[in-house]
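Enquirer: coordinates only, sequence not included:
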């Protein structure tokens, strides 16, 4: 889980700056709209939409923006139709990458992503080349100061979680998508603050990288996530903590 956790930590530190630029708002509006288009505008029956709204609220997006994004997805308001795209890729050190995006021009997006990869020692791969290494999961983190592991494990596992482990300063909880909201609600019902909660893609294996390759990889992931059509970038890297501290 370490690669996912470390990258998530870096992203959260950047969130405030991204929000100021409006980049985070733009991406979240697209995600809310796409979620509503695919599964309807009812958060009770659309887990993806509910998760997207929670993330939007987490970056202080105005409720009117969220509501309008939902209405664009359900067709109540006119809006651009975005196509979901997924790219399999490899990064420095042979790290497997999975890139998810929403675009109104797939050819343009493909060309831009290929260009970013080539500049940072990465490359596009054929469909399915890396995606088989990733599984969609619910992922929740809780700061370890919020409670003891035994109590949190009992709450999470009773609600349907698959695993809980201590990683650095956080407990990391994984579950299948169907149990995500139930696990999240069970934790908050016990007055335990959740640091992050997301539906994500977790790799089955990890590739350990260090030195310049690690630095280049993180630069590549940041460049990809800054591309306006990219929603998420997943990778199966494991960078040691001491290396991560140097880079950060």
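Expert: Alright, I've got the coordinates. Just so you know, these numbers come straight off a predicted model, no measurement behind them. Numbering: from 1, shown residues only.

Enquirer: if I read this right, residue 113 contacts residue 97, doesn't it?
Expert: No: when contacts are counted by CB atoms under 8 Å, residue 113 is not listed as touching residue 97 (10.3 Å). All C-beta spots, glycine's among them, are computed from the backbone N, C-alpha and C.

Enquirer: so what sits against both of the two?
Expert: With contacts defined as CB atoms under 8 Å, 6 or more residues apart in numbering, the residues shared by residue 113 and residue 97 are residue 89.

Enquirer: Settle it for me: which of the two has more neighbours?
Expert: residue 97 (29 against 24; other CB atoms under 10 Å).

Enquirer: Mind telling me what element that one is part of?
Expert: strand 96-103 (DSSP states H and E).

Enquirer: can you check residue 71 too?
Expert: Using DSSP H and E, residue 71 falls in helix 63-74.

Enquirer: The next helix or strand after that helix to strand 96-103, inter-axis angle?
Expert: With elements assigned by DSSP H and E, the helix or strand that comes after helix 63-74 is strand 83-90. Per axes from the mean of the first three to the mean of the last three CA atoms, to 10 degrees, the angle that strand 83-90 makes with strand 96-103 is 160 degrees.

Enquirer: Tell me which other helices or strands strand 83-90 touches.
Expert: strand 96-103, helix 106-119, strand 123-124 (3 or more CB pairs under 8 Å, 6 or more residues apart in numbering; DSSP states H and E).

Enquirer: how far out from the middle of the chain is it?
Expert: 14 Å (CA atoms, centre = their mean, to the nearest Å).

Enquirer: Would you indicate which residues of that strand are buried?
Expert: Using 16 or more other CB atoms under 10 Å as the test for burial, strand 83-90 gives 85, 87, 88, 89, 90.

Enquirer: For that strand, which outside residues touch it?
Expert: Residues from elsewhere that reach strand 83-90, judged by CB under 8 Å, 6+ apart: 34, 96-104, 106, 109-110, 113, 117, 122-131, 229.

Enquirer: That strand vs helix 106-119, what angle?
Expert: 20 degrees.

Enquirer: who wins for proximity to residue 212 among the helices and strands packed on strand 83-90?
Expert: Relative to residue 212, the nearest member of the helices and strands packed on strand 83-90 by CB to CB is helix 106-119, separated by 14.9 Å.

Enquirer: Now find how far off-centre that closest one is within its chain.
Expert: 20 Å.

Enquirer: What is it packed up against?
Expert: strand 83-90, strand 96-103, strand 123-124, helix 211-226.

Enquirer: And the ones you listed: which comes nearest residue 137?
Expert: strand 96-103 (13.1 Å).

Enquirer: Can you list the strands that the strand of greatest length in the chain pairs with?
Expert: Looking across the chain with DSSP state E, the single longest strand is strand 134-143. Sheet pairing of strand 134-143 (DSSP bridges) gives strand 170-175 (antiparallel), strand 196-203 (antiparallel).

Enquirer: Following element in sequence after it, please.
Expert: helix 149-158.

Enquirer: Now that following helix: buried residues?
Expert: So, applying 16+ other CB under 10 Å, buried residues of helix 149-158: 152, 153, 155, 156, 157.

Enquirer: next one: stretch 62-78
Expert: Quick answer for stretch 62-78 (16+ other CB under 10 Å): 66, 68, 69, 70, 71, 72, 73.

Enquirer: With adjacent residues omitted, what lies nearest to the third one?
Expert: Nearest in space to residue 69, with sequence neighbours left out and distances taken as CB to CB, 6 or more residues apart in numbering, is residue 32 at 4.0 Å.

Enquirer: just residue 214 next, same as before
Expert: The nearest residue in space to residue 214 (CB to CB, 6+ apart) is residue 239, at 4.7 Å.
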